[in-house]
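[1] Here is the input, now give the coordinates:
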Amino acid sequence: MTNMAFVIKEAVTEQELNGKASVHFISWKESYADLVPQAFLEKHSLERCRTMAFAYPKNTFVAMVSGEVVGYACYLPEARTFASIQPSSEIMALYILKDFQMHGIGSALLERCLEMLPSGPVVLFVLDGNEKAIRFYREKGFVFTGKKLEQAVPGGKLIELEMVLENNQDE
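    Residues are numbered from 1 along each chain as shown. Have a look, this model is predicted:
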């Protein structure tokens, strides 16, 4: 892992939210080409990502390199109702552009999110077969709960696996 100068900050400006959308769009194409049905991936548009970024601007940190957004993470202080562990918090998303992975950016984004969450369990859902992400989350202390989410999508289905971490930020 080489040292790369980056800044982690809350996403607040239009440029940062547009950057979040761009990272969302590009990282899906880079990471999920062999993991999700092609028909579903084709529906993943930059316009859709931009709509989502501006509809859900809160609880988002971006990673900036030379003034450009290269990654982002989103969190929820209260996990969605389908999480198997309640009450819990949730990491909703963590995406880094491929050229900027393995430089500590994902770790820094995750740490910032965890700092914002109350003590207690933190859940996330990772795409089945996304071994790189699974390895990353395991290294950070997340473990599988055994819960799977299956979602019908164009061209097939997605299976997401729930993982959990005991967050003890107050200690």
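[2] tell me which residues of stretch 106-114 are tucked away?
    Neighbour counts over stretch 106-114 (16 or more other C-beta atoms under 10 Å) mark 106, 108-110, 112-114 as buried. For glycine as for every other residue, the C-beta is placed from the backbone atoms N, C-alpha and C.
[3] I meant stretch 50-63, not that one.
    Buried residues in stretch 50-63 (16+ other C-beta under 10 Å): 50, 52-53, 57, 59-63.
[4] Residues in contact with it: which ones?
    For stretch 50-63, contacts defined as C-beta atoms under 8 Å, 6 or more residues apart in numbering pick out 6-12, 16-21, 24, 69-77, 92, 96, 100, 105, 108-109, 112-113, 116.
[5] just stretch 96-114 next, same as before
    1-4, 6, 8, 23, 26-27, 30-31, 61, 63, 65, 70-75, 91, 94, 122, 136, 140, 165, 167, 169.
[6] just stretch 122-139 next, same as before
    For stretch 122-139, contacts defined as C-beta under 8 Å, 6+ apart pick out 31-32, 35-36, 79, 83-85, 88-92, 94, 106, 114, 142, 145, 148-149, 158-167.
[7] one more time with 7 Å
    31-32, 35, 79, 83, 85, 88-91, 106, 114, 142, 149, 158-165, 167 (C-beta atoms under 7 Å, 6 or more residues apart in numbering).
[8] among these, which ones are buried?
    Buried members of the contacts of stretch 122-139, scored by 16+ other C-beta under 10 Å, are 31-32, 35, 79, 83, 85, 88-91, 106, 114, 142, 158, 160-165, 167.
[9] Out of the residues you listed, which sit inside helices?
    31-32, 106, 114 (DSSP state H).
[10] TSV please, covering those residues and showing pLDDT and distance to His44.
    Shown next, in TSV, are these (pLDDT from 0 to 100; distance: C-beta to C-beta, whole Å):
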residue	pLDDT	distance to His44
Ser31	90	11
Tyr32	91	8
Gly106	97	21
Leu114	97	27
